[in-house]
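Colleague: Got a predicted model here, sequence first, then my questions.
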Amino acid sequence: MKHVSSSSLDSSRSMLESWLGGVPNWRHAAAALVAAAALVGCGSSVKLDENVPVSDRTGVPVQPGGGVANGGAGAAGAVDQRSVTGVQAGVEQVGQAPANLARLIYFDFDDFTVKPEFMPVLEGHARFLNADRQRRVVLEGHTDERGGREYNLALGQKRADAVRRSLALLGVSEQQMESVSFGKEKPANPGSDEEAHRQNRRVELSYR
């Protein structure tokens with residue numbers, strides 16, 4: 001057996017103790033690495049898929065037969081086109097006079113009495129006004145050229161008021177009527193004979 005000197009043993013022991021003295025530090029470093037790896041493992045590992053399909057929430061078209069196109073039965077918000085009706089404007093509009101009905105009431109000379117022959121005309125206007133309370137009529141009184149301006153303005157007003165009272169008796173609301181006078185200022189016939197005078201003694205029903 002080879003003899004080992006004590007100095008060699010001391011030297012080897014010193015080297016061993018020096019090496020073993022570094023072991024705890026290495027273990028601490030290893031433990032730190034394991035802890036860091038654990039923290040990384042706690043992070044989210046879910047990957048967002050950018051190709052996830054997006055559902056279409058738009059309305060489903062309706063076929064003419066009432067069914068839903070492309071097999072989409074029972075889709076919310078689908079409209080049955082058979083139940084949709086168009087809105088039509090009324091034949092009569094605000095300001096439009098009734099069709100096939102005279103709008104002139106004639107009077108005798110220097111008189112403001114509504115003659116019986118014109119009552120059927122006023123009855124037709126009363127029915128038209130009573131059918132829609134939004135309708136409005138202006139009763140315009142006129143005279144012929146004879147007489148003074150002030151006198152004819154007063155006579156024209158009496159004629160317009162007479163027609164107004166007749167319509168009121170037939171059920172027309174006072175709020176639907178307005179009576180005014182133009183006297184002799186707006187003749188329907190500019191002549192000076194008896195026929196021109198007859199045409200100018202009148203009340204015109206003008207709808208607004």
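Modeller: Good, I have the coordinates. Residues are numbered from 1 along each chain as shown.

Colleague: Could you pull up phi and psi at residue 112?
Modeller: Dihedral pair for residue 112: phi -130, psi 30, per degrees, to the nearest 10.

Colleague: so where's this structure shaky on pLDDT?
Modeller: For the chain, the stretches with pLDDT under 70 are 1-94.

Colleague: And the helices in it?
Modeller: Assigned by DSSP state H, the helices in the chain fall at 6-21, 23-41, 119-131, 149-169, 194-200.

Colleague: By neighbour count, which bits of the shortest one are buried? Give me those.
Modeller: If I follow you right, that is helix 194-200. 197, 198, 199, 200 (16 or more other Cβ atoms under 10 Å). All C-beta spots, glycine's among them, are computed from the backbone N, C-alpha and C.

Colleague: what's the neighbour count on residue 193?
Modeller: Residue 193 has 8 neighbouring residues, counting by other Cβ atoms under 10 Å.

Colleague: mind checking how far it is from residue 105?
Modeller: 21 Å (Cβ to Cβ, to the nearest Å).

Colleague: before we move on, what about residue 112?
Modeller: For residue 112, the distance to residue 105 - Cβ to Cβ - is 11 Å.

Colleague: do you know how far residue 119 is from residue 176?
Modeller: To residue 176, residue 119 is 19 Å away according to Cβ to Cβ.

Colleague: Give me the more crowded residue out of the two.
Modeller: residue 176 (17 against 14).

Colleague: residues in contact with the more buried one?
Modeller: Contact partners of residue 176, counting by Cβ atoms under 8 Å, 6 or more residues apart in numbering, are 129, 133, 135, 136, 137.
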